[in-house]
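Undergrad: Model the following, please.
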Amino acid sequence: MRISQRARAIAPFYAMEFGKQAADLEAAGHHVVKLSLGEPDFGAPPAVLAAMRNAMDGRPMAYTAALGLPALRRAIARFYADRHGVEVDPARVAVTAGASAALVLGAAALVDPGDEVLIADPSYPCNRQIMESFGARVTLVPTTPASRFQLDAASVRSHWSPETRGVMIATPSNPTGTSVPADELEALCALARERGAWRLVDEIYLDLSDPDELGRPPGSALAHDPGAVVINSFSKYFGMTGWRLGWCVVPEALVPALERLAQNYFLCASAPAQHAALACFTPESLAVVEARRVEFAERRALVLDGLERIGLPVPVPPDGAFYAYFDVSATGLTSWDFCARALRDAHVALTPGRDFGMDTAETHVRLSYAASAGELTEGITRLSKFVAGLQPGRGRSSIIR
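TA: Got it, this is the predicted structure:
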């Protein structure tokens, strides 16, 4: 069978690969502390679970409109107004089969073969893989701790070329958990807009960000740039990873194209998940997920303190999401060998920097603190013993290649 060049070119998602190895170890009877995947341990809010049970009472469950249930699109628009102070026409909201489907639709609507797209290094690997699948030439822009491992206007300006057609921003970012400061985000979007380029902003961790000094929730890029394409998800803030439900907000001119693409690619997102998701926006559910956001901040403190004691520095402390991106250079191991040996010897699953770009591929490791406080404490204890017993130079582990 002839496999397409597109399929041959796409790289593995190493976080999932390490997750598979962790599952194999668990099947063999080992307790693995899984800190490799960004999957909140809480699950959906109780009211959402109840709404799903009600939706699945045996009634026929037909397709929804391609862009989602009108009631859910209105609820999402109200969420932007109430939480972020941004007025969004529900007609500009598209409900999708997870944020990944929103990324696919955005790439299909915006990218032509040969278009250059600027993305930060490090960044979520699927962002660039999806762009490249539609023919984009992705330029990974190196970032540093000084820029919080994020794009800024200066770095984008210095990497701009005549072929640049778009800029992709993730704030907060996976893998670093760091956000773009509001003034820098505004400048960055303005630069791209003035040059006629699209701006795609991944905000799936936005509502897990710390409030500002006045206690206000984080601001959406839409407050600075109503013409940006903004992607979000029910997976992270609402804890609904397996429900595969997300959304995007797009400029009015893009809605017809997005609708045609959605009709042909997906028909619609899961109908029962959409009906149940309406319960996300009740006062009861919002109180639940806000309490969980506070708990994530407590888990972050636990992890950062533990990594510092072990001697695994986090160059930029996260202010959102649930990731710590730490430097393993002092251990004498590459990030890949560190993760492979931590899994083999300590039964702790992590993700190597190879997933996220070039500049930190060999030096940094991502830890997800989406696990429970008990699992995080156990994971830090195991890593401390593992690092204390390391003998650099013993060679590559054979558990994962």
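Undergrad: residues near A223, how many?
TA: 14 (other Cβ atoms under 10 Å). Backbone N, C-alpha and C define where each C-beta goes, glycine included.
Undergrad: Quick check: nearest residue in space to it, chain neighbours excluded?
TA: V86 (5.2 Å; Cβ to Cβ, 6 or more residues apart in numbering).
Undergrad: wait, doesn't the one you found sit right on H224?
TA: No: taking contacts as Cβ atoms under 8 Å, V86 lies outside contact range of H224: 9.7 Å.
Undergrad: which neighbours do those two share?
TA: Contact criterion Cβ atoms under 8 Å, 6 or more residues apart in numbering; no residue bridges V86 and H224 by contacting each.
Undergrad: could you dump stretch 346-363 to CSV, C-alpha only?
TA: Output of stretch 346-363 as CSV, limited to C-alpha atoms (Å, rounded to 0.1, in the frame of the first residue of the first chain):
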residue,chain,number,x,y,z
ALA,A,346,11.6,5.2,38.8
HIS,A,347,8.3,4.5,37.0
VAL,A,348,7.6,8.2,36.5
ALA,A,349,6.3,9.1,33.0
LEU,A,350,7.4,12.5,31.7
THR,A,351,7.7,14.1,28.2
PRO,A,352,11.1,15.0,26.6
GLY,A,353,11.7,18.3,25.0
ARG,A,354,12.0,16.6,21.6
ASP,A,355,8.2,16.9,21.3
PHE,A,356,8.2,20.7,21.5
GLY,A,357,10.9,22.0,19.1
MET,A,358,14.6,22.3,18.5
ASP,A,359,16.3,24.6,20.9
THR,A,360,15.3,22.8,24.1
ALA,A,361,14.9,19.4,22.6
GLU,A,362,17.9,17.9,24.4
THR,A,363,17.9,19.9,27.6
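Undergrad: mean confidence score for it?
TA: Averaging pLDDT along stretch 346-363 yields 94.
Undergrad: Pull out the buried positions in that stretch.
TA: By neighbour count on 16 or more other Cβ atoms under 10 Å, the buried set for stretch 346-363 is 346-357, 359-363.
Undergrad: taking those one by one, which sit in strands?
TA: The strands, defined by DSSP state E, take in 348-349, 351-352 from the buried residues of stretch 346-363.
Undergrad: Looking at the residues you listed, which is nearest L208?
TA: The closest of those to L208 turns out to be T351 (Cβ to Cβ; 18.1 Å).
Undergrad: what about the strands in the protein?
TA: 33-34, 93-96, 116-121, 137-142, 164-170, 198-202, 229-233, 246-249, 323-327, 348-349, 351-352, 364-368.
Undergrad: quick one on the thing from earlier: dump the ones in strands among the buried residues of stretch 346-363 to CSV, plus distance to C248.
TA: Shown next, in CSV, are those (distance: Cβ to Cβ, whole Å):
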residue, distance to C248
V348, 35
A349, 31
T351, 26
P352, 30
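Undergrad: which residue packs closest to L302, ignoring adjacent ones?
TA: Nearest to L302 is L376, by Cβ to Cβ, 6+ apart, at 5.6 Å.
Undergrad: swap in N232?
TA: E203 (5.1 Å).
Undergrad: so the one you found makes contact with A221?
TA: Yes: the criterion here is Cβ under 8 Å, and E203 meets it with A221 at 6.8 Å.
Undergrad: Overlap of the contact sets of these two?
TA: With Cβ under 8 Å, 6+ apart, E203 and A221 have common neighbours 171, 230.
Undergrad: and the nearest residue to Y323 once chain neighbours are set aside, how many neighbours does it have?
TA: In this structure, Y323 finds its nearest non-sequential neighbour in G177, 4.2 Å apart by Cβ to Cβ, 6+ apart. Neighbour count for G177, taken as other Cβ under 10 Å: 30.
Undergrad: Could you give the backbone dihedrals for G177?
TA: With angles defined as degrees, to the nearest 10, G177 shows backbone torsions of phi 70, psi 10.
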